[in-house]
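Trainee: Prediction below, plus the sequence it came from.
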Amino acid sequence: MDKTINQKAWFLVLPVFLVVAFSAVLPLMTVVNYSMQDTFGNNQFFWNGVGWFKELLDPSTDLGGRFLASLGRNLFFSLVILAIEVPLGIVVALSMPREGWTVAACLIILALPLLIPWNVVGTIWQIFGRPDIGLLGYVLNAIGIDYNYVSNEVDAWVTVIVMDVWHWTSLVALLCYAGLKSIPDAYYQAAQIDGASRWAVFKAIQLPKMNRVLLIAVLLRFMDSFMIYTEPFVVTGGGPGNSTTFVSIELVKIALGQFDLGKAAALSLVYNLIILIVCWIFYTVMTNAGVERKVQVESKPAVEPKPSAGLVPVPALKPKEGVA
Amino acid sequence: MARIDLVDLAHSYGGNDAPPETFALKPVTMTWRQGGAYALLGPSGCGKTTLLNVISGIITPSRGKILFDNKDITPLSTQKRNIAQVFQFPVIYDTMTVGQNLAFPLKNRGVPKAEIDKRVAEIGRLLDLEPYLNRKATRLTADAKQKISLGRGLVRSDVAAVLFDEPLTVIDPELKWQLRSKLKALHRELDLTMIYVTHDQTEALTFADTVVVMHDGRVVQSGTPAELFDKPAHTFVGYFIGSPGMNILPAEVRGREARIGGHVIALNRAYDNLPSGAKIEIGVRPEFVEVVAPALGLLTARIERIDDLGRIRFARARLGDAKLAARSPAGFTSADGNAGLKFDPSHVHVYADSLLVEGAA
């Protein structure tokens, strides 16, 4: 209780306040300010209240229609690449060697796509897929498959998805590989003695042990794909039509193409909010993943009326269990 | 249920062409009787785990054969050998309940459900795991987990032998005792061949009826705890078993006498045909040497300290360059730090190049 009063400590905290204010709070507040107003250039602003937000969530308006359509595309894109990259990453990790020089070789090959800058990845695939000079596009057309990502929506989607799988499956694979490496040999030996099949080993040992890293992989890949901009923009520019226009591409079009600062600000706030919510859901799921199991086990023996979970010193009794 | 024969078995991690002295397991031929409780005892790196893994099939030996009931099973995989193994650290399938863990080996072998339930209930009862059968196995204590690992072995009715690889390493001392008694009880009840690897002599001597001592990749002696104590076949066994270990002293031996620095120690047997050029030593357990007041005709040693172990006291003494331990009778004190050593002739053994020499009566 007898704390010395010494206000000098504020001077130590102040720099952080300033940095955070200028790097985060002020820009964000500027965006909030813009989102409530309309402008026709010349630095003239008119108050619009929550008008932009109303429009944004109403599919019948131009803004709302574009936003919701791109949001739908984006979610679909994220789901598709997760459905491909996660199982594929697991398979790659499982088939990687466990020791010897081949490990290093595999790691380097896997790491290569991760080291390439986004727009270079885009450029690579943009050229690779061109029907006139690109190896992939030319070969596909030569063997009779009509492939053109500039004019065909399906081709554009396939290209963007394959590009993302090429770019990011390595990340999932590396994370899974780290998880696999941490499993002691005794588990495999025990499984062998127990007569477990390859599939049983995967289900009983490998998958449960990869559980945590897989959640991290899903989180990272979801967030990254949900915010994707550069690669599809470089390859397709959002086209043909609007077929590969994702939320961030739409945002840039509105903000820098049309210079509609108010609409763009409202959109970016909602976009930001969605990402925060998804992050929070993942965080909760991840931190609860371990806890849930605990609860399951400990609630079983408590058949007798339980006054309140907080009052029962179950953890204190734990170490004596199994002594019998 | 099986008798296990090892025929000229050897293993080298460097392959069969590696020089013989680098073999992790040097050629060994021995028989493990059905229903025996064996302990493989030796310091780290002596090859005991290698031998265990060879028996379980995790390692394929570089040379030799393993027979289960006279059937050569050397090329068979672990799954087909009907071996159960408990590892140093408990292996538990995290997502399964205790019951599912126990059922896992049977499920993998396609045993009918009714049979599985029966066996799991039986093993659960045997291992006192009944109250936990429906619980997730991850949250249990280390000793309960180790019991589950053991249970997964026992649940198969056809298991030929249960192998233990230092299974009590991660268990609290007080629980070690309980679990070891449990193992002994199971052994009596189930008539299984059990092979127990450890570096702890107390564990080995209390668990096993036959202790196999390994040293540097070789089986140096296999016998009952009493045999190992009374008649170590190798100076290493004498030194490794017993606390303090056997005193090993370089000596000249002729006939029924051993000489150390001019003093004569009487021997019970005659040693006339000792190999020439061999390093001759005598070995005697501290329990059979007594420190007394210095007297004529007794070897004199310098007392360094006396350890009081409660029921017995051991004097730590120095004899020239050699150190030795000897029983110190109650009330013994040394005025000047010197003491005479009185040997019990029937327990003095002679070793040539570390190997026990049987004297003539």
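Mentor: Alright, I've got the coordinates.
Trainee: Just the mean pLDDT for the helix or strand where A:V16 lies, thanks.
Mentor: Using DSSP states H and E, A:V16 sits in helix A:9-20. Throughout helix A:9-20, pLDDT has a mean value of 89.
Trainee: Relative to chain A, which residue of the stretch 51-200 of chain B is the closest?
Mentor: For the stretch 51-200 of chain B, the residue closest to chain A is B:A144, as judged by CB to the nearest CB, at 2.8 Å. (C-beta placed from N, C-alpha, C; glycine too.)
Trainee: what does the model give that residue for pLDDT?
Mentor: With respect to pLDDT, B:A144 has a value of 84.
Trainee: what's it sitting at in phi/psi?
Mentor: Backbone torsions of B:A144, given as degrees, to the nearest 10, read phi -70, psi -40.
Trainee: So it versus B:I171, what's the distance?
Mentor: 10 Å (CB to CB, to the nearest Å).
Trainee: now do B:K231
Mentor: Using CB to CB, we find B:K231 at a distance of 33 Å from B:I171.
Trainee: B:G151 now?
Mentor: Relative to B:I171, B:G151 is positioned 16 Å away (CB to CB).
Trainee: ok now do residue 157, which residues does it touch?
Mentor: In the absence of a named chain, this looks at chain A. By CB atoms under 8 Å, 6 or more residues apart in numbering or on different chains, the contact set of A:W157 is A:S243, A:T244.
Trainee: I was thinking of chain B, sorry if that wasn't clear
Mentor: Counted by CB under 8 Å, 6+ apart, B:S157 has contacts B:R119.
Trainee: Please name every helix or strand in contact with the helix or strand where A:V92 lies.
Mentor: Assigning secondary structure by DSSP H and E places A:V92 in helix A:62-95. Packing partners of helix A:62-95 (3 or more CB pairs under 8 Å, 6 or more residues apart in numbering or on different chains; DSSP states H and E): helix A:51-56, helix A:153-181, helix A:207-226, helix A:247-252, helix A:261-299.
Trainee: now these in TSV, with mean pLDDT?
Mentor: Compiled in TSV, the helices and strands packed on helix A:62-95 are given as follows (pLDDT from 0 to 100):
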stretch	mean pLDDT
helix A:51-56	82
helix A:153-181	91
helix A:207-226	87
helix A:247-252	88
helix A:261-299	76
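Trainee: closest to B:V348 out of these?
Mentor: Proximity to B:V348 (CB to CB) singles out helix A:153-181 among the helices and strands packed on helix A:62-95, at 55.3 Å.
Trainee: Run a quick neighbour tally on A:A24.
Mentor: Neighbours of A:A24 under the rule other CB atoms under 10 Å in any protein chain shown: 10.
Trainee: hang on, the earlier thing: number of nearby residues for the residue of the stretch 51-200 of chain B closest to chain A?
Mentor: Using other CB under 10 Å, B:A144 has 24 other residues around it.
Trainee: distance between the ends of stretch A:111-120?
Mentor: In stretch A:111-120, first residue to last residue: 15 Å (CA to CA, to the nearest Å).
Trainee: Could you do stretch A:252-270 as well?
Mentor: 14 Å.
Trainee: got the contact list for that stretch?
Mentor: With CB under 8 Å, 6+ apart as the test, stretch A:252-270 has contacts from A:31-39, A:41, A:48, A:52-53, A:55-57, A:63, A:66-67, A:229, A:233, A:238, A:245, A:247, A:250-251.
Trainee: one more time with 10 Å
Mentor: Outside stretch A:252-270, the residues that touch it by CB atoms under 10 Å, 6 or more residues apart in numbering or on different chains are A:28, A:30-41, A:45-46, A:48, A:50-57, A:62-64, A:66-67, A:70-71, A:229, A:233, A:238, A:242, A:245, A:247-248, A:250-251.
Trainee: and those, which are buried?
Mentor: Buried members of the contacts of stretch A:252-270, counted by 16 or more other CB atoms under 10 Å in any protein chain shown: A:31, A:34-38, A:48, A:51-53, A:55-56, A:63-64, A:66-67, A:70-71, A:229, A:233, A:238, A:242, A:245, A:247-248, A:250-251.
Trainee: any chance you could map the helices in chain B?
Mentor: B:48-56, B:98-108, B:113-126, B:142-154, B:173-190, B:201-207, B:225-230, B:235-240 (DSSP state H).
Trainee: Which strands or helices does the third one pack on?
Mentor: Helices and strands in packing contact with helix B:113-126 are listed as helix B:98-108, helix B:142-154, helix B:173-190; criterion 3 or more CB pairs under 10 Å, 6 or more residues apart in numbering or on different chains; DSSP states H and E.
Trainee: Which residues belonging to that helix are considered buried?
Mentor: Per 16+ other CB under 10 Å, helix B:113-126 contains these buried residues: B:I116, B:R119, B:V120, B:I123, B:G124, B:L126.
Trainee: which stretches of chain B have low pLDDT?
Mentor: B:1 (pLDDT under 70).
Trainee: Count the neighbours of the residue of the stretch 251-361 of chain B found nearest chain A for me.
Mentor: Ranked by CB to the nearest CB, the top residue of the stretch 251-361 of chain B for proximity to chain A is B:G310, at 28.3 Å. B:G310 has 5 neighbouring residues, counting by other CB under 10 Å.
Trainee: State the distance from the nearest residue to B:G255 once chain neighbours are set aside to B:I280.
Mentor: Once flanking residues are discounted, B:G255 sits nearest to B:A270: 5.4 Å by CB to CB, 6 or more residues apart in numbering or on different chains. Separation of B:A270 from B:I280 (CB to CB) stands at 14 Å.
Trainee: same check, this time on B:G45
Mentor: 28 Å.
Trainee: Mind checking which of those two has more residues around it?
Mentor: Set side by side, B:G45 and B:I280 show more neighbours around B:I280, with 20 against 12, by other CB under 10 Å.
Trainee: one step back: show me what the helix or strand that the helix holding A:V16 is followed by is packed against.
Mentor: Later in the chain than helix A:9-20, the nearest helix or strand by DSSP H and E is helix A:26-35. Of the remaining helices and strands, those touching helix A:26-35 by 3+ CB pairs under 10 Å, 6+ apart are helix A:51-56, helix A:261-299.
Trainee: Tell me the helices and strands packed up against the first one.
Mentor: So the one you mean is helix A:51-56. Using 3+ CB pairs under 10 Å, 6+ apart: helix A:51-56 touches helix A:26-35, strand A:37-39, helix A:62-95, helix A:261-299.
Trainee: before we move on, the earlier item: tally of neighbours for the residue nearest to B:G255?
Mentor: As a burial measure, B:A270 scores 14 neighbours (other CB under 10 Å).
Trainee: Tell me the spacing between the closest residue to A:L114 other than its chain neighbours and A:L88.
Mentor: Spatial nearest neighbour of A:L114, excluding adjacent residues (CB to CB, 6+ apart): A:S170 at 5.3 Å. Going from A:S170 to A:L88 by CB to CB gives 10 Å.
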